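Trainee: Fold the following for me, if possible:
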Amino acid sequence: MSDSQNTNPAQQGCSVDWSWLEGRKIAGVWNDLNSLVITFEDGLVFKIQAANYKGDAFLMFNPYKDPAK
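Mentor: Just a heads-up that it's a prediction; the model follows:
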């Protein structure tokens, strides 16, 4: 049995296809205690935020899928 099969499903999170970020060039990065913001040369702004929900830590991604689709 693999580790992923032994893990509580509530702790596994979700699977996301990040391939749409491949090849983009970073123009700038900014961060504070709760977020990381990456601006790409094509104008896309990608924000990652740390948060707490019902006592559990998690990450939020905006956008989480290709905005061109």
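Trainee: what's the single longest strand in this protein?
Mentor: strand 45-53 (DSSP state E).
Trainee: Can you give the strand pairings for it, parallel or anti for each?
Mentor: Paired neighbours of strand 45-53 in the sheet (DSSP bridges): strand 35-40 (antiparallel), strand 56-62 (antiparallel).
Trainee: Out of those strands, the one nearest Trp18 is which?
Mentor: Closest of those to Trp18 is strand 56-62, at 8.8 Å (criterion: CB to CB). Where C-beta positions appear, they are placed from N, C-alpha and C, glycine not excepted.
Trainee: for the record, mean pLDDT for that closest one?
Mentor: Taken as a whole, strand 56-62 has a mean pLDDT of 90.
Trainee: would CSV of the strands paired with strand 45-53 with mean neighbour count be doable?
Mentor: CSV is the format used below for these (neighbours: other CB atoms under 10 Å):
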stretch, mean neighbour count
strand 35-40, 15
strand 56-62, 11
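Trainee: and Ile48, which of those is closest to it?
Mentor: Among these, strand 35-40 sits nearest to Ile48 (CB to CB), with 4.6 Å.
Trainee: and the residue most central in space within the chain, bridged to which residues?
Mentor: By CA atoms, centre = their mean, the chain has its centre lying nearest to Phe61, at 3.7 Å. Under DSSP bridges, the beta-bridge partners of Phe61 are Ile48.
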